[in-house]
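Asks: Next comes the sequence, and after it the predicted model I'd like to discuss.
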Amino acid sequence: MAESDGEPPHLDLFRYLTAEERIDYIAIMTRFTASLLADMSASTVAELLARDGLRLDADTVEARCRQLIRWGNLVPSLRDARVSTVADYLRARSRYQISGLGGRVHRTAVEIMDASDGAREVARELLGQIAQALGEILTLLDSPSSPERTERLAGVVTTIFNNQRLFTASVTDFYAYLSGVLTRFDLHGEEYAHFKSLLLDYVDLITADVNRHAPLIADHLDRLLGRIDELLAVLDSVPGLALGELTDVERSGGRTQVEWEQLRQWYAGTGNESGPAQLRAAAGQALGQLIANAKRMLDASSTGYSRRADLLRLAAWLDRSSDAGAARLFSAGFGTWSARHVTLGPDEPDPRLGPMMSWAACDPIEVPVSLRERGNRVARGRTARVPDTTTDRALVEAAAWAEQERNQAAAAELAAAGGLDGAHLSPDARTLLLDELARLLATNPEPSAPAEATNYDLGLILCASPGDQTVVHSPDGTLTVTGYLLSVRAIDTGRTSLGVAR
């Protein structure tokens, strides 16, 4: 299967696992991998599937097998069918076998599907076997050459690399499981004590085994690399599969110098390339997470106990409730009502923030990192000083004076205009006119008689009388008030307004 468009090869081998008919495909592949070199027709597969409880007709199985051939999981069988009747020939004319890569993919997929979510035991006993096998290789290299010696060397080398692969895979799976458990926020009580013992005892046992065997393994590998040419020459003399340069042959482990150098790097390298260093770092990270969980549970300023029982009780209530009841329970349990500013506070000095102001239009509130990321409400650092609000108060007062001056200028412009039909006003004056008109219409909704709205703070009176319409022009648009003739006149309030003196 050739690589195309930058995609890695053999991707089609996995398509049957996600196809819509994946249950059929998995069952068919399981029958082909159940025995060595299975050679079956579609009708035979259908009969075997029926015994397992999955009933598919032969034509459907035939179509599934042909699709698996296109994906590369199956290959057509080359065996001639020896039959006595035409009916038997028609039944056996199409036979299939599992492909090499298809079988490997399916065996791995079945292993994963059958695996549990629990922890995988680390094959730490293989470290001693690897050290012993490396010493045996050095002994065999010093012995006289013979066919038995050659076969023995090949077997020991293959065993070493298979053991190393199994050990690293089991360690990776174990630490992945441990990391997933320790990051749970609800880990508490007996479960926490269990995993604490697991970390302190079992992880320490793994690290101790690696520290004990790694120096001996590294020493053996140093000596072997000095004689690597001799070892590879012996391994090359073992009869193997040779198909020429046109076909790639996947050889067993340890047949190249690069593989031996990589193995030595794992045991004797530095930094991230060293296996023991990686294990120590993983153990340290797990221990740090364990301590963080302990601090969370012992923190006197937090809840003081795990909320797991409360959350499980709430989940049971939600499971038994209707949709409407579940929505009300969720809102009550987590406080997910719409947010409104009920009162002002020290963090909201702006007087324009009121009960009707939406949270989306306000400045965000800073949340401490420890509360936002870890749910920890412990006060950190020194006690803060009482904030000095002088600067904020000055800014608020300056904003209020500026707004008052704009309103005074707009009121003077309206009073100078008098009759508003055909008048040209600035946007501020037009906005003030709309505010005053809204007050007037709120108290006099019917245009049957003249009405007035008086603003003593700005010193003006808006007069409205029944008429055709009033058209007011502004740089950003035209305002048309239908049914009223509007005019404005100034009044003498007899007192100093807010904007007169500062």
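Replies: Yep, it's here.
Asks: right, and residue 469 touches residue 479 too?
Replies: No: between residue 469 and residue 479 there is no contact under C-beta atoms under 8 Å: 10.4 Å. C-beta here means a position set from N, CA and C on the backbone, and glycine is covered the same way.
Asks: More neighbours: which of these two?
Replies: Set side by side, residue 469 and residue 479 show more neighbours around residue 479, with 17 against 12, by other C-beta atoms under 10 Å.
Asks: ok so that one is a strand residue?
Replies: Yes: the assignment for residue 479, made by DSSP: H, G, I helix; E, B strand; the rest coil, places it in a strand.
Asks: Could you list every helix and strand in contact with the host helix or strand of residue 197?
Replies: Assigned by DSSP states H and E, residue 197 belongs to helix 189-197. Counting contacts by 3 or more C-beta pairs under 8 Å, 6 or more residues apart in numbering; DSSP states H and E, helix 189-197 is packed against helix 147-182, helix 275-298.
Asks: just how off-centre is the helix or strand hosting residue 442 within its chain?
Replies: Following DSSP H and E, one finds residue 442 within helix 427-443. The chain centroid and the centroid of helix 427-443 are separated by 53 Å under C-alpha atoms, centre = their mean, to the nearest Å.
Asks: just stretch 150-157 next, same as before
Replies: So, by C-alpha atoms, centre = their mean, the centroid of stretch 150-157 is 46 Å from its chain's centroid.
Asks: One more: stretch 460-469?
Replies: With C-alpha atoms, centre = their mean, you get 63 Å for stretch 460-469.
Asks: hang on, isn't residue 76 packed against residue 66?
Replies: No: using C-beta under 8 Å, residue 76 makes no contact with residue 66, being 9.3 Å away.
Asks: Looking at the helices and strands packed on helix 189-197, which is nearest to residue 455?
Replies: helix 275-298 (59.3 Å; C-beta to C-beta).
Asks: Tell me the first helix or strand C-terminal of the closest one.
Replies: Remark: after helix 275-298, the chain's next helix or strand is helix 308-320, criterion DSSP H and E.
Asks: Which strands or helices does that next one pack on?
Replies: helix 323-334.
Asks: Just checking the distance from the helix it packs on to the centre of its chain.
Replies: Its chain's C-alpha centre and that of helix 323-334 lie 26 Å apart, by C-alpha atoms, centre = their mean.
Asks: Going forward, count from 9.
Replies: Done: numbering now begins at 9, and the last item shifts to helix 331-342.
Asks: what sits up against that helix?
Replies: If you take C-beta atoms under 8 Å, 6 or more residues apart in numbering as the criterion, helix 331-342 is touched by 322, 325, 326, 329, 344, 345.
Asks: Next one: the residue most central in space within the chain from residue 323, what distance?
Replies: Centroid-nearest residue in the chain, with C-alpha atoms, centre = their mean: residue 188, separated by 13.5 Å. Between residue 188 and residue 323 the computed distance is 21 Å (C-beta to C-beta, to the nearest Å).
Asks: What of residue 130?
Replies: Look at residue 130 and residue 323: by C-beta to C-beta, they are 35 Å apart.
Asks: what does residue 421 give?
Replies: 64 Å.
Asks: ditto for residue 222
Replies: For residue 222 relative to residue 323 (C-beta to C-beta), the value is 47 Å.
Asks: Settle it for me: which of those two has more neighbours?
Replies: residue 222 (20 against 10).
Asks: quick one: pLDDT of that one?
Replies: On pLDDT, residue 222 comes in at 87.
Asks: Ok, residue 307 next?
Replies: For residue 307, pLDDT reads 59.
Asks: go on, residue 106?
Replies: Predicted confidence (pLDDT) for residue 106: 87.
Asks: my read: it touches residue 46, true?
Replies: Yes: in this structure, residue 106 is within contact of residue 46 by C-beta under 8 Å, at 6.4 Å.
Asks: between these two, what contacts are shared?
Replies: Common neighbours of residue 106 and residue 46, using C-beta under 8 Å, 6+ apart, are residue 40.
Asks: So these two - more neighbours on which side?
Replies: Comparing residue 106 with residue 46 by other C-beta under 10 Å, the one with more neighbours is residue 106, at 25 against 18.
Asks: Residue 428: what's it in contact with?
Replies: Contacts of residue 428 by C-beta under 8 Å, 6+ apart are 422, 441, 478, 480, 494, 495, 496.
Asks: Just give the nearest non-adjacent residue to it, would you?
Replies: In space, and not counting its chain neighbours, residue 428 is closest to residue 494: 4.4 Å by C-beta to C-beta, 6 or more residues apart in numbering.
Asks: Same question for residue 189.
Replies: Counting by C-beta to C-beta, 6+ apart, the residue nearest residue 189 is residue 203, at 5.8 Å.
Asks: Tell me how far that neighbour lies from residue 178.
Replies: Distance, residue 203 to residue 178, using C-beta to C-beta: 18 Å.
Asks: Domain-wise, how is the protein divided?
Replies: Per the record, the chain has its domains at 19-122, 134-248+260-303, 347-385, 411-498, by automatic domain parsing.
Asks: Lowest mean pLDDT across the ones you listed, which one is that?
Replies: In terms of average pLDDT, domain 347-385 trails the rest of the domains of the chain, at a mean of 65.
Asks: Using the three-state scheme, assign residue 497.
Replies: Following three-state DSSP, the label given to residue 497 is strand.
Asks: just residue 475 next, same as before
Replies: Recorded secondary structure, residue 475: strand (three-state DSSP).
Asks: So residue 49 sits against residue 103, correct?
Replies: Yes: between residue 49 and residue 103 a contact is recorded at 4.8 Å, counting by C-beta under 8 Å.
Asks: returning to what we had before: pick out the most distant pair among the contacts of residue 428.
Replies: Comparing every pair within those by C-beta to C-beta identifies 422 and 478 as the most remote, at 12.6 Å.
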